[in-house]
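In: I'll drop the sequence and a predicted model, then ask my questions.
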Protein chains: 2
Amino acid sequence: MVKPTVTSSDVARVANVSQSAVSRTFTHGASVSAETRQRVMVAADELGYRPNALARSLISGKSGIVGVLVAYLDNQFYPTILERLSRSLQEKGFRVLMFMTDTGDQDVVVNDMLQYQVEGVVMASAHLSSQLARRCADNGIPVVLFNRYIAASPASSVTSDNLEGGRLVGNLLADKGYQRIAYIAGYEDSSTNRDREAGFTKGLAERGVVCHARTVGAYTAEGAARATRELFALREPPDAIFVANDHMAFAVMDVVRHELGLSIPGDIAIVGYDDVPQASWKAYDLTTVEQPSVAMVDATVEILLGQIEEKSVTRRAAVLPARLVERGTA
Amino acid sequence: MVKPTVTSSDVARVANVSQSAVSRTFTHGASVSAETRQRVMVAADELGYRPNALARSLISGKSGIVGVLVAYLDNQFYPTILERLSRSLQEKGFRVLMFMTDTGDQDVVVNDMLQYQVEGVVMASAHLSSQLARRCADNGIPVVLFNRYIAASPASSVTSDNLEGGRLVGNLLADKGYQRIAYIAGYEDSSTNRDREAGFTKGLAERGVVCHARTVGAYTAEGAARATRELFALREPPDAIFVANDHMAFAVMDVVRHELGLSIPGDIAIVGYDDVPQASWKAYDLTTVEQPSVAMVDATVEILLGQIEEKSVTRRAAVLPARLVERGTA
DNA sequence: GTGAAAGCGCTAACAA
DNA sequence: TTGTTAGCGCTTTCAC
């Protein structure tokens, strides 16, 4: 039993009012008398009327849609963010058009978002060509890069203070007296990796220590496992490792414990970054740096909706404080 | 530098063709001469033209949007699914309008989806009033319930064979000779919980065993921790626990090991359900039942797009095979 | 193959 | 407050 589409004109006919009266009844902040509204609502209920948001968007020029671009969800940091972001945007009256993206199809995806008239875009994709954001900005659509930034870009960004977070880890490991402190890098081209590493190096330097060794995990579990094995194949293996994010740190810990048979933190200290939910699970109990996900999402939404409202696409960069969370792995 | 919106008429003017010619050029499978197409494309490129998908949807009656409803993303099963589902739908030319939902606002959310003219809906929300699916079906919009079903509903469903999966676990634990086998339930009202438990009970019964004890974790980590403590407060604590999903099983294992100081599987066996990525992480190495997420997503997409295409909303139920994955916790 | 014209369902002036 | 009117940007007959 499929009802034929019922339009505002149908409702108008039944309610014995003009079509615009129906429109007004369903438009927030329009002036309708109580009586008209009443009649319209009755008719609408009877017919099962539901305004067509697409038609509305077409004429109002506001789609009420925000595009969200994500690269992968296996790193638990992103589902957490996606959930919060989604809820927040919904509360504010926006819908989320979500896209998963690989390196290859970003152009297609951004094009799609623009065709659907998104009013704003959040990009939480690791690999991200800098022109994409520009394409959006050129169309007057504000973009917020989440957990990453691109220097020469009109896109706003929200990050935590990765430089400071890295520094805190550098200080911590040096202060604890570790002798051979290593770093497992994330994806080399990412701003998070650059900043965390730079901060880390600085934090060590402040204590007169230099990084003992460095391998690359590229933000994947498999990469991290490989990077760990490389470190332990060295003549002088590390006694502490700073891993560029928690997602990799778990893989590192698994290799260290179950493949190399070492104990944490007895034989080797591990520190991660992000403070994803699993970091506090007792099986890992990972010392890490918290990214303030709630504050980061709040900032994202604030910047985005602010720019949507005032129709200005200016670059804003929010950098939120990072906090060391000391648990049992260092 | 915000470009004013450029429409097909603008392109037509520059290309010296009619507006319909422009439309045809951008409509798949319309007839345009090579020359016209060429001229249109040049003009479109020059102006930075991009068809307005909303206007297109309005007239064609096809939005190309699928609504996806999710309850929470902290159970890693769902991010995994969401990612696959999203990618698959994108490949097939659909966009995903994603909604997070709590128990309270489902009506609002479904209403919103319908207003945005979604062509189909996937619901992966645990708590789900049965009338929601009906509302969609009444509007001729196919609905697929993912990982759950509602008997008296026009909505299709895709699940794994939870009954069989539970049975396998019952058999396994009985065969391994455990004496006091307990069950930690998920959310009582969910079809997954009902089926897994029923299968489990049957699997035990086949070996002449009855379930020793039962508590409820309600599919949350905290609930599972509580449920575990309850079990171990019994005069006769269990020597094996079947936990209704992996997400809870991790919490159970953490309590068992780090709070109760017991070893797994030495002192107690644990079996989960889902086979989420973390189940294979060495820190847990969880024996569990695999839900074939790829096949489940494929079935979901197939059912949904099938019904969208043939405009028929008939109930289909796909039940995919579950498989026992034996690891180190039993 | 092409252009003219109609209209998808709605909002937003404008007059009344 | 209300109805009338004019589109939003597009697809799709329909003649040519």
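Out: Here it is on my side, so go on.
In: now the strands for the stretch 201-330 of chain A?
Out: Using DSSP state E, counting those that start in this stretch, the strands of the stretch 201-330 of chain A run over A:213-216, A:240-243, A:269-271, A:288-290, A:317-320, A:323-325.
In: For these, give me TSV that also has mean pLDDT.
Out: What follows is the strands of the stretch 201-330 of chain A, written out as TSV (pLDDT from 0 to 100):
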stretch	mean pLDDT
strand A:213-216	98
strand A:240-243	98
strand A:269-271	98
strand A:288-290	98
strand A:317-320	97
strand A:323-325	98
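In: Determine which stretch of those is the most buried.
Out: strand A:240-243 (a mean of 30; mean count of other C-beta atoms under 10 Å in any protein chain shown). Any C-beta I mention is one placed from the backbone N, CA and C, and that applies to glycine too.
In: then that strand to CSV, C-alphas only?
Out: C-alpha atoms of strand A:240-243 as CSV (Å, rounded to 0.1, in the frame of the first residue of the first chain):
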residue,chain,number,x,y,z
ALA,A,240,60.9,2.8,25.5
ILE,A,241,58.7,3.6,22.5
PHE,A,242,56.5,6.5,21.7
VAL,A,243,53.9,5.4,19.2
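In: Which strands or helices does that strand pack on?
Out: If contacts are counted by 3 or more C-beta pairs under 8 Å, 6 or more residues apart in numbering or on different chains; DSSP states H and E, strand A:240-243 sits against helix A:162-175, strand A:181-185, helix A:221-232, helix A:246-254, strand A:269-271.
In: Quick one: list the elements packing against the one helix or strand in chain A whose mean pLDDT sits lowest.
Out: Every helix and strand of chain A was ranked by mean pLDDT, DSSP states H and E. The lowest is helix A:130-138, at a mean of 81. Other elements packing on helix A:130-138 under the criterion 3+ C-beta pairs under 8 Å, 6+ apart are helix A:106-115, strand A:120-124, strand A:143-146.
In: Out of the ones you listed, which is closest to DNA strand D?
Out: Nearest to DNA strand D among the helices and strands packed on helix A:130-138 is helix A:106-115 (8.3 Å), distances taken as C-beta to the nearest atom of the strand.
In: just how off-centre is that closest one within its chain?
Out: In terms of C-alpha atoms, centre = their mean, to the nearest Å, the centre of helix A:106-115 is found 18 Å from the chain centre.
In: Around chain B, which positions in the stretch 101-250 of chain A sit nearby?
Out: Within the stretch 101-250 of chain A, the positions adjacent to chain B are A:109, A:111-112, A:114-117, A:138-140, A:250 by C-beta under 8 Å from any C-beta of the partner chain.
In: make it 10 Å
Out: Proximity of the stretch 101-250 of chain A to chain B (C-beta under 10 Å from any C-beta of the partner chain) is limited to residues A:101-102, A:105, A:108-109, A:111-117, A:135, A:137-141, A:154, A:221, A:250.
In: Please enumerate the strands of the stretch 1-150 of chain A.
Out: Going by DSSP E, counting those that start in this stretch, the stretch 1-150 of chain A shows strands at A:65-70, A:95-100, A:120-124, A:143-146.
In: mind putting these in TSV, mean pLDDT included?
Out: Shown next, in TSV, are the strands of the stretch 1-150 of chain A (pLDDT from 0 to 100):
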stretch	mean pLDDT
strand A:65-70	96
strand A:95-100	96
strand A:120-124	94
strand A:143-146	94
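In: so where's the stretch 1-150 of chain A shaky on pLDDT?
Out: A:1-3, A:126, A:128-129 (pLDDT under 70).
In: got the residues of it near DNA strand C?
Out: Residues of the stretch 1-150 of chain A found near DNA strand C (C-beta under 7 Å from any atom of the strand) are A:5, A:7-9, A:19-20, A:23, A:26-27, A:30, A:49-52, A:55-56, A:58-60.
In: at 6 Å instead, please
Out: Proximity of the stretch 1-150 of chain A to DNA strand C is confined to A:5, A:7-8, A:19-20, A:23, A:26-27, A:51-52, A:55-56, A:58-60 under the rule C-beta under 6 Å from any atom of the strand.
In: related to what we said a few turns ago, okay if I get the helices and strands packed on helix A:130-138 as CSV plus distance to DNA strand D?
Out: CSV is the format used below for those (distance: least, C-beta to the nearest atom of the strand, whole Å):
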stretch, distance to DNA strand D
helix A:106-115, 8
strand A:120-124, 18
strand A:143-146, 21
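In: Of all the strands of the stretch 201-330 of chain A, which one comes closest to B:Tyr273?
Out: strand A:288-290 (28.8 Å; C-beta to C-beta).
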